[in-house]
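In: Sequence below, structure please.
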Amino acid sequence: LLARGLSRLDRPVRAAIEPEPGCVIETTGRLRRTLARADPEWIGSCLDLCHLAVGFEDPGAAVAAAAPVVKAQVSAALQADEPADPETRRALGAFAEPRFLHQTRAADGRSWDDLGEALSAGGPGPWRVHFHIPLHAKPEPPLATAHDTLVDTLGVLLGGPAALVDHLEVETYTWDVLPAGHRPGGARSLVDGIADELAWTRDRLLALGLREVIT
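Out: Numbers count the residues shown, from 1 in each chain. As a prediction, the model looks like this:
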(Lines give C-alpha, C1' and ligand atoms only; values in the text may rest on other atoms or scores of the structure.)
Protein backbone atom coordinates (compact mmCIF):
# COMPACT_ATOMS: atom_id res chain seq x y z
CA LEU A 1 0.00 0.00 0.00
CA LEU A 2 2.83 2.40 0.84
CA ALA A 3 4.60 1.74 -2.44
CA ARG A 4 1.35 2.20 -4.36
CA GLY A 5 0.74 5.53 -2.66
CA LEU A 6 4.28 6.75 -3.33
CA SER A 7 4.03 5.81 -6.99
CA ARG A 8 1.03 8.12 -7.39
CA LEU A 9 2.80 11.25 -6.16
CA ASP A 10 3.76 14.04 -8.54
CA ARG A 11 7.44 13.68 -7.75
CA PRO A 12 9.67 10.68 -6.96
CA VAL A 13 9.60 9.84 -3.24
CA ARG A 14 11.19 6.78 -1.63
CA ALA A 15 10.51 5.60 1.91
CA ALA A 16 13.54 4.66 4.01
CA ILE A 17 12.96 2.48 7.09
CA GLU A 18 15.60 2.84 9.79
CA PRO A 19 16.58 0.04 12.20
CA GLU A 20 17.25 1.34 15.71
CA PRO A 21 18.25 -0.30 19.00
CA GLY A 22 15.25 -1.03 21.20
CA CYS A 23 12.71 -0.63 18.38
CA VAL A 24 10.50 -3.22 16.66
CA ILE A 25 12.98 -3.24 13.78
CA GLU A 26 16.28 -3.25 15.66
CA THR A 27 18.68 -4.95 13.26
CA THR A 28 19.20 -5.15 9.53
CA GLY A 29 18.28 -8.84 9.68
CA ARG A 30 14.85 -7.94 11.04
CA LEU A 31 14.59 -5.17 8.46
CA ARG A 32 15.29 -7.63 5.65
CA ARG A 33 12.47 -9.88 6.81
CA THR A 34 10.15 -6.87 7.09
CA LEU A 35 10.95 -5.65 3.58
CA ALA A 36 10.89 -9.08 1.95
CA ARG A 37 7.70 -8.29 0.04
CA ALA A 38 8.25 -4.55 -0.39
CA ASP A 39 8.82 -2.97 -3.79
CA PRO A 40 12.52 -1.90 -3.76
CA GLU A 41 11.78 0.83 -6.29
CA TRP A 42 9.86 2.72 -3.62
CA ILE A 43 10.86 1.32 -0.22
CA GLY A 44 14.35 0.73 1.15
CA SER A 45 16.41 1.42 4.23
CA CYS A 46 18.00 4.27 6.12
CA LEU A 47 21.20 3.02 7.74
CA ASP A 48 22.35 4.91 10.81
CA LEU A 49 25.96 3.84 11.25
CA CYS A 50 25.84 4.47 15.00
CA HIS A 51 22.91 2.05 15.26
CA LEU A 52 24.79 -0.63 13.31
CA ALA A 53 27.75 -0.29 15.63
CA VAL A 54 25.63 -0.44 18.80
CA GLY A 55 24.19 -3.73 17.53
CA PHE A 56 27.70 -5.09 16.81
CA GLU A 57 26.59 -5.72 13.23
CA ASP A 58 29.07 -6.70 10.55
CA PRO A 59 29.24 -3.86 8.00
CA GLY A 60 29.19 -6.03 4.89
CA ALA A 61 26.36 -8.27 6.07
CA ALA A 62 24.37 -5.28 7.33
CA VAL A 63 24.58 -3.38 4.05
CA ALA A 64 23.64 -6.49 2.09
CA ALA A 65 20.64 -7.15 4.35
CA ALA A 66 19.47 -3.54 4.14
CA ALA A 67 19.60 -3.21 0.36
CA PRO A 68 18.48 -1.02 -1.26
CA VAL A 69 19.96 1.69 0.94
CA VAL A 70 18.14 4.96 0.31
CA LYS A 71 20.08 7.02 2.86
CA ALA A 72 22.95 6.54 5.29
CA GLN A 73 23.40 8.60 8.44
CA VAL A 74 27.06 9.11 9.25
CA SER A 75 27.25 8.87 13.03
CA ALA A 76 29.59 7.46 15.67
CA ALA A 77 28.65 5.32 18.69
CA LEU A 78 30.21 5.67 22.14
CA GLN A 79 32.29 2.64 23.15
CA ALA A 80 33.63 1.40 26.50
CA ASP A 81 36.01 -1.55 26.35
CA GLU A 82 36.21 -2.09 30.11
CA PRO A 83 32.92 -0.86 31.61
CA ALA A 84 33.62 -2.58 34.94
CA ASP A 85 36.69 -0.41 35.49
CA PRO A 86 35.85 2.33 38.04
CA GLU A 87 37.38 5.11 35.94
CA THR A 88 35.44 3.94 32.89
CA ARG A 89 32.20 3.80 34.89
CA ARG A 90 32.72 7.39 36.04
CA ALA A 91 33.37 8.50 32.46
CA LEU A 92 30.28 6.68 31.19
CA GLY A 93 28.18 8.22 33.93
CA ALA A 94 28.81 11.66 32.45
CA PHE A 95 26.97 10.53 29.30
CA ALA A 96 23.91 9.19 31.18
CA GLU A 97 21.63 12.18 30.66
CA PRO A 98 17.79 12.22 30.83
CA ARG A 99 16.73 13.82 27.56
CA PHE A 100 17.37 10.91 25.19
CA LEU A 101 17.40 7.14 25.56
CA HIS A 102 20.92 5.80 25.15
CA GLN A 103 20.35 2.13 24.43
CA THR A 104 23.39 0.09 25.40
CA ARG A 105 24.53 -3.26 24.06
CA ALA A 106 27.30 -5.60 25.17
CA ALA A 107 29.31 -7.78 22.81
CA ASP A 108 27.99 -10.89 24.61
CA GLY A 109 24.40 -10.05 23.66
CA ARG A 110 23.18 -8.33 26.84
CA SER A 111 21.10 -5.24 26.23
CA TRP A 112 19.62 -2.32 28.17
CA ASP A 113 17.14 0.36 27.18
CA ASP A 114 19.31 3.14 28.62
CA LEU A 115 22.87 3.73 29.74
CA GLY A 116 21.84 4.23 33.36
CA GLU A 117 20.32 0.74 33.41
CA ALA A 118 23.51 -0.72 32.00
CA LEU A 119 25.62 1.01 34.63
CA SER A 120 23.34 -0.34 37.37
CA ALA A 121 23.60 -3.89 36.00
CA GLY A 122 27.33 -3.81 35.32
CA GLY A 123 29.24 -6.59 33.64
CA PRO A 124 32.05 -7.13 31.16
CA GLY A 125 32.52 -5.29 27.90
CA PRO A 126 32.94 -4.07 25.39
CA TRP A 127 29.80 -1.96 25.48
CA ARG A 128 28.49 0.29 22.75
CA VAL A 129 26.10 3.11 23.54
CA HIS A 130 23.56 4.89 21.36
CA PHE A 131 25.03 8.32 21.95
CA HIS A 132 26.05 10.17 18.80
CA ILE A 133 29.59 11.44 19.35
CA PRO A 134 30.91 14.24 17.10
CA LEU A 135 32.73 12.51 14.27
CA HIS A 136 35.95 14.48 14.53
CA ALA A 137 36.21 14.56 18.34
CA LYS A 138 36.69 11.22 20.05
CA PRO A 139 36.09 11.16 23.81
CA GLU A 140 39.07 11.04 26.10
CA PRO A 141 40.32 7.61 27.29
CA PRO A 142 39.22 5.29 28.75
CA LEU A 143 36.23 5.85 26.46
CA ALA A 144 36.34 5.59 22.68
CA THR A 145 34.00 5.44 19.71
CA ALA A 146 33.19 2.64 17.29
CA HIS A 147 35.02 4.48 14.51
CA ASP A 148 36.30 1.27 12.93
CA THR A 149 32.73 0.14 12.25
CA LEU A 150 31.84 3.60 10.96
CA VAL A 151 34.77 3.75 8.53
CA ASP A 152 34.34 0.11 7.44
CA THR A 153 30.65 0.65 6.68
CA LEU A 154 31.42 3.76 4.63
CA GLY A 155 33.89 1.61 2.74
CA VAL A 156 31.25 -1.00 1.98
CA LEU A 157 28.73 1.63 0.90
CA LEU A 158 31.05 3.78 -1.18
CA GLY A 159 34.37 2.05 -1.68
CA GLY A 160 33.34 -0.49 -4.32
CA PRO A 161 33.06 -0.18 -8.09
CA ALA A 162 29.67 1.51 -7.69
CA ALA A 163 28.25 3.48 -4.78
CA LEU A 164 25.48 1.68 -2.90
CA VAL A 165 23.97 4.93 -1.59
CA ASP A 166 23.90 8.49 -2.90
CA HIS A 167 22.43 10.31 0.10
CA LEU A 168 24.58 10.82 3.19
CA GLU A 169 23.55 12.79 6.26
CA VAL A 170 25.80 13.75 9.16
CA GLU A 171 23.47 13.30 12.13
CA THR A 172 24.90 14.38 15.47
CA TYR A 173 21.97 15.76 17.47
CA THR A 174 23.56 15.41 20.90
CA TRP A 175 25.72 18.54 21.02
CA ASP A 176 23.85 20.16 23.91
CA VAL A 177 23.72 16.99 26.04
CA LEU A 178 27.42 16.15 25.81
CA PRO A 179 29.20 16.10 29.17
CA ALA A 180 30.11 19.50 30.55
CA GLY A 181 33.30 20.75 28.96
CA HIS A 182 32.54 19.03 25.65
CA ARG A 183 29.48 21.07 24.65
CA PRO A 184 29.67 24.00 22.25
CA GLY A 185 30.16 27.31 24.03
CA GLY A 186 27.71 29.14 21.78
CA ALA A 187 26.35 29.37 18.26
CA ARG A 188 29.74 30.01 16.69
CA SER A 189 31.28 27.04 18.47
CA LEU A 190 28.41 24.82 17.33
CA VAL A 191 28.81 25.96 13.71
CA ASP A 192 32.55 25.24 13.90
CA GLY A 193 31.87 21.78 15.30
CA ILE A 194 29.40 20.91 12.55
CA ALA A 195 31.85 22.21 9.94
CA ASP A 196 34.57 19.99 11.43
CA GLU A 197 32.24 16.97 11.21
CA LEU A 198 31.51 17.68 7.56
CA ALA A 199 35.23 18.08 6.85
CA TRP A 200 35.93 14.75 8.58
CA THR A 201 33.29 13.05 6.43
CA ARG A 202 34.60 14.70 3.25
CA ASP A 203 38.12 13.48 4.01
CA ARG A 204 36.91 9.91 4.59
CA LEU A 205 35.05 9.92 1.28
CA LEU A 206 38.04 11.28 -0.59
CA ALA A 207 40.16 8.57 1.02
CA LEU A 208 37.76 6.01 -0.48
CA GLY A 209 38.56 7.34 -3.94
CA LEU A 210 35.63 9.65 -4.54
CA ARG A 211 36.88 12.52 -6.68
CA GLU A 212 33.97 14.87 -6.11
CA VAL A 213 32.28 15.35 -2.76
CA ILE A 214 29.49 17.83 -2.10
CA THR A 215 28.81 18.80 1.52
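
In: Quick check, pLDDT for Thr149.
Out: The model reports Thr149 with a pLDDT of 95.

In: List the buried residues in the helix or strand hosting Gly193.
Out: Taking DSSP states H and E as the definition, Gly193 sits inside helix 187-207. Going by neighbour count (16 or more other C-beta atoms under 10 Å), the buried part of helix 187-207 is Gly193, Glu197, Leu198, Trp200, Thr201, Arg204, Leu205. (C-beta placed from N, C-alpha, C; glycine too.)

In: Look at Gly160 and say how many residues are nearby.
Out: Gly160 has 12 neighbours, counted by other C-beta atoms under 10 Å.

In: Could you report the distance from it to Ala207?
Out: 14 Å (C-beta to C-beta, to the nearest Å).

In: In contact with the spatially most central residue of the chain, which residues?
Out: Central residue of the chain (C-alpha atoms, centre = their mean): Cys50, 1.8 Å from the mean position. Residues in contact with Cys50 (C-beta atoms under 8 Å, 6 or more residues apart in numbering) are Gln73, Ser75, Ala76, Ala77, His130, His132, Ala146, Leu150.

In: Report the helix or strand with the lowest average pLDDT across the chain.
Out: helix 2-7 (a mean of 61; mean pLDDT, DSSP states H and E).

In: Quick check, pLDDT for Ala137.
Out: 89.
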